[in-house]
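> Provided below are the primary sequence and the corresponding predicted coordinates.
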Amino acid sequence: MWRARAAEIPLSWSEERVEAARTAQFGEFTGAIESGLCAFAPVRGNWGIPMTAVDTASVRRLLSLLRSRYGKRNDALRQLALLFTLLPPEAQPTSSIEQLGASAEQRAARGIVVIDGGSLVLAREGAPYLPPPALVTPAA
C-alpha cells in the first residue's frame with residue numbers, strides 16, 4: 001500500500017508538494033495499521049503482568065498472520081523477529097522469536113539472547129554463552 005501510494009505522485013511535483021502528499025499518505029497508512037491492530041490489542045487495554053491467556057493468544061495470532069502473509073519475502077522473518085522484540089518483555093513470544101530468527105538464518109538455534117527491545121543475537125552451535133555485542137553509547 002505504501003509503495004503503491006508513492007506511484008500516485010507525479011514526478012513533476014516540487015519537493016515540498018511531494019513531502020506534503022507523503023505526510024498525508026503516511027497518516028492514512030498509520031491509521032489503517034492502527035485500525036487493523038485493534039483486534040490484537042490487550043483485553044484490558046494495556047500490556048499488564050501477568051498477561052491473560054487471551055492476550056497471549058492475540059500476540060501469537062498476530063505473529064502467525066504476519067508470518068503467513070509476509071514470511072516468504074526477503075528478510076521478512078528476521079524483521080518479524082525484531083518487531084516482536086519491541087513488545088514489553090512479558091508479551092514477547094520468545095520461543096516464536098527464536099524460531100523466526102533461526103529460520104531467517106537457515107540454521108537451528110539453541111537459544112536466544114534478547115539484549116534490549118529491538119536487538120537479538122542467536123547463540124552459535126556449541127557456544128554455551130554468547131556475550132552481547134558492544135553497543136555504541138548514544139551522543140549526549
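Structure received.

> my reading is that Pro50 is in a strand; is that accurate?
No - secondary structure of Pro50 (DSSP: H, G, I helix; E, B strand; the rest coil): coil, not part of a strand.

> how about it, what does it touch?
Pro50 makes contact with Glu90 under the criterion Cβ atoms under 8 Å, 6 or more residues apart in numbering. (Glycine included, C-beta is placed from N, CA and C.)

> tell me the mean pLDDT over stretch 31-49?
For stretch 31-49, the mean per-residue pLDDT is 75.

> got the confidence number for the residue positioned nearest the centre of the chain?
The centroid of the chain falls nearest to Leu83 when counting by Cα atoms, centre = their mean (1.6 Å). Per-residue pLDDT puts Leu83 at 84.

> for Val18, same thing?
You'll see Val18 listed with a pLDDT of 92.

> name the SS class of it, please.
helix.

> now do Gly45
For Gly45, the assignment made with three-state DSSP gives coil.

> what does Leu65 give?
Per three-state DSSP, Leu65 ends up helix.

> Ser96 contacts Phe84, correct?
Yes - in this structure Ser96 lies within contact range of Phe84 using Cβ atoms under 8 Å: 7.1 Å.

> hey, what's in contact with both of those two?
Counting by Cβ under 8 Å, 6+ apart, the residues touching both Ser96 and Phe84 are Leu63.

> circling back: from Leu77, how far out is the residue nearest to the centre of the chain?
Leu83 is 11 Å from Leu77, where distance means Cβ to Cβ, to the nearest Å.

> then Asn46?
Taking Cβ to Cβ, one finds Asn46 at 28 Å from Leu77.

> higher neighbour count, those two?
Of the pair Asn46 and Leu77, Leu77 is the one with more neighbours under other Cβ atoms under 10 Å, namely 21 against 9.

> moving C-terminal of the host helix or strand of the more buried one, what's the next helix or strand?
Taking DSSP states H and E as the criterion, Leu77 maps to helix 76-84. Next helix or strand after helix 76-84 toward the C-terminus (DSSP H and E): helix 94-105.
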